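Q: build me a model:
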Amino acid sequence: MAVGTTGENHTSIRINGTTSYTLPMVLMVALYFSIGFITALNDILIPHFKDLFHLTNFLALLVQFCFFGAYFVMSLPSGWIVGRIGYKAGIIAALSTMGCGLLLFVPASIAISYPVFLFALFVVGSGLALLQVAINPYVGALGEPETAASRLNLCGGLNSLATTIAPKVGAAFIFIAAGATAAQLARSVRMPYVLLAVFTFLLAIVTYFVHLPEVIEKREGAASNDGSAWAFVHLRLGAAAIFTYVGAEVAIGSIMITFLGQPAMGNLSHAAAATYVSLYWGGAMIGRFIGSFALLYIRAQRALTAVAVCAFVLVATTIFVHTPVLRWAEVIFAHETLAHWASVVVSHLPVGIHSMEIRATVAHAIVTFAHSPVALWAIVSCGLFNSVMWPCIFPLSVKGLGKFTSQGSGILVMMVVGGAVIPEIQGLLADRFGYQHSYAIVLLCYAYLVYFGLRGYRIRQPRFDSLPDFVPPVEIA
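A: The predicted model follows:
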């Protein structure tokens, strides 16, 4: 998942000095990798805790609520903290906070306490929020401004690689043999999170000893005296787009393992289903690299509309592929009398259905479609189209904000809280109406993203009482 930065109002960030940026950049890449790895492990924890504590989907998805809720709670305080202690100290503080949260998995596994696990995840999420506030601007400043996008894309690619391999690694540690006791199930999460804690503390120590160039910020006067980014309608619509995109992306990965374990989806074991979670995030990684080239030639709003439509169709396929509509179609084409009347209805089409051979072929195709893993591959493929949504939504939302760009960026990053809210809604729907119908909330998210790509991105100039330094935005063609 691509995540931006939030911070205080500033117009530029530069590095003081001309030292080599190679080692700092290697460190930044390692930090991005750790962010992706820890975040993707939540998809493994959800089905594991569901089995361990005998939870409903709604309660199991509190994992994401606590984790991503920390972003919402801590994003603005993190910007203040980094402003007070500096970027390097902020990175060390963030890693230390993450390490403490990861170590809390030890007492949680000993006590076999779900609330303690959730608190540990909130602490980890708080550390990650602080870390991202510190490192995103740093990566942009480690070199020439013209190559900042390339550096951020490299870090994003490593982040996506981590989300791809984390489910498989986590499944190998956490999903143990059937029939294990509650103590054994709780203990299985201990080792991977202790190892991650050790790795995180090592990164903090390395950061302390590595020479990181000083970051100098040039700040503007507070924009709040002259207005607010909230006055821009397209920024508000963009915030809703970030909310729905992150929510849909996280919800799909969060419930996938449990969904694929249903009889209609092949009764896959947790370990087998984890492979498809890796493929889901792997699709996002591939799409990100493809998008880095494609977006050079395709306008952001058009790309967003295209991928949102594709994701909408895939989710709709997941919802309806096993519904009675297909079963009734199968009956119609398999039954002699009904097939005759069906052939009469379609006789005026370019290709009629008149012969038993054609009816049999159509019936076979319907049976194959209805009972094949279409829903599985449809939902897994959504990762490919999610990949470029963040880099499309973010610039469209802050375009034309002028001196309010920094404030607008902070607002957008706070909307990552969609990853806490949308999965909870889907969990509630899954408990009441079943897994396939629960994807209706994801379908609504993609429908909104289609709207934003078609109309919502258009800039509306706000009216401020006094705005001496404001430059009117230019309408996007």
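
Q: got the contact list for residue 32?
A: By Cβ atoms under 8 Å, 6 or more residues apart in numbering, residue 32 lies in contact with 135, 155, 156, 158, 159, 162. No exception for glycine: its C-beta is placed from N, CA and C like everyone else's.

Q: please repeat the previous calculation with a cut-off of 7 Å.
A: Going by Cβ atoms under 7 Å, 6 or more residues apart in numbering, residue 32 touches 155, 158, 159.

Q: same thing with residue 182?
A: Residue 182 neighbours (Cβ under 7 Å, 6+ apart): 52, 112.

Q: show me where pLDDT drops low in this protein?
A: 1-20, 140, 144-150, 153, 178, 214-226, 322-372, 460-477 (pLDDT under 70).

Q: give the next helix or strand downstream of whichever strand or helix holds residue 118.
A: Assigned by DSSP states H and E, residue 118 belongs to helix 114-141. Using DSSP H and E, the next helix or strand after helix 114-141 towards the C-terminus is helix 148-174.

Q: and that next one with helix 114-141, angle?
A: 150 degrees (axes from the mean of the first three to the mean of the last three Cα atoms, to 10 degrees).

Q: for helix 148-174, the distance to its chain's centre please.
A: How far helix 148-174 lies from its chain's middle: 12 Å, per Cα atoms, centre = their mean, to the nearest Å.

Q: likewise stretch 301-320?
A: 16 Å.

Q: in the helix holding residue 118, which residues are buried?
A: By neighbour count on 16 or more other Cβ atoms under 10 Å, the buried set for helix 114-141 is 114, 116-118, 120-141.

Q: ok, now stretch 100-117?
A: Burial within stretch 100-117, assessed by neighbour count using 16+ other Cβ under 10 Å, is assigned to 100, 101, 102, 103, 104, 105, 106, 108, 109, 114, 116, 117.

Q: if you count contacts, what does the helix holding residue 118 end up packed against?
A: strand 10-16, helix 22-40, helix 42-53, helix 62-85, helix 87-103, helix 105-111, helix 148-174 (3 or more Cβ pairs under 7 Å, 6 or more residues apart in numbering; DSSP states H and E).

Q: the second one vs helix 62-85, what angle?
A: For helix 22-40 against helix 62-85, the angle between stretch directions is 150 degrees (the same axes, to 10 degrees).

Q: what about helix 22-40, distance to the chain center?
A: Distance, centroid of helix 22-40 to centroid of chain: 17 Å (Cα atoms, centre = their mean).

Q: what of the third one?
A: A distance of 18 Å separates the centroid of the chain from that of helix 42-53, by Cα atoms, centre = their mean.

Q: and for the fifth one?
A: Taking Cα atoms, centre = their mean, one finds helix 87-103 lying 22 Å from the centre of the chain it belongs to.

Q: let's have the chain start at 426 instead
A: Done: numbering now begins at 426, and the last item shifts to helix 512-528.

Q: that older thread, dump the helices and strands packed on helix 539-566 to CSV, plus distance to residue 854.
A: Formatted as CSV, these follow (distance: least, Cβ to Cβ, whole Å):
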stretch, distance to residue 854
strand 435-441, 42
helix 447-465, 23
helix 467-478, 15
helix 487-510, 15
helix 512-528, 30
helix 530-536, 28
helix 573-599, 23
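
Q: out of those, which comes closest to residue 689?
A: helix 467-478 (17.0 Å; Cβ to Cβ).

Q: outline the domain layout of this protein.
A: For the chain, automatic domain parsing gives the domain ranges 426-644, 653-883.

Q: what kind of secondary structure is residue 602 in?
A: coil (DSSP: H, G, I helix; E, B strand; the rest coil).

Q: from what I can see residue 683 touches residue 473, true?
A: No - judged on Cβ atoms under 7 Å, residue 683 makes no contact with residue 473 at a distance of 10.4 Å.

Q: tell me how many other residues surround the residue nearest to residue 584 when sequence neighbours are not counted.
A: Of all residues not flanking residue 584 in the chain, residue 461 sits nearest, at 3.9 Å (Cβ to Cβ, 6 or more residues apart in numbering). Using other Cβ atoms under 10 Å, residue 461 is surrounded by 26 other residues.

Q: what does residue 502 give?
A: Residues near residue 502, counting by other Cβ under 10 Å, number 13.

Q: the one 10 residues further on too?
A: Taking other Cβ under 10 Å as the criterion, the count of residues near residue 512 is 21.

Q: how near is it to residue 523?
A: As judged by Cβ to Cβ, to the nearest Å, residue 512 and residue 523 stand 16 Å apart.

Q: OK, contacts around the residue nearest to residue 584?
A: Residue 461 touches 584, 585, 587, 588, counting by Cβ under 7 Å, 6+ apart.
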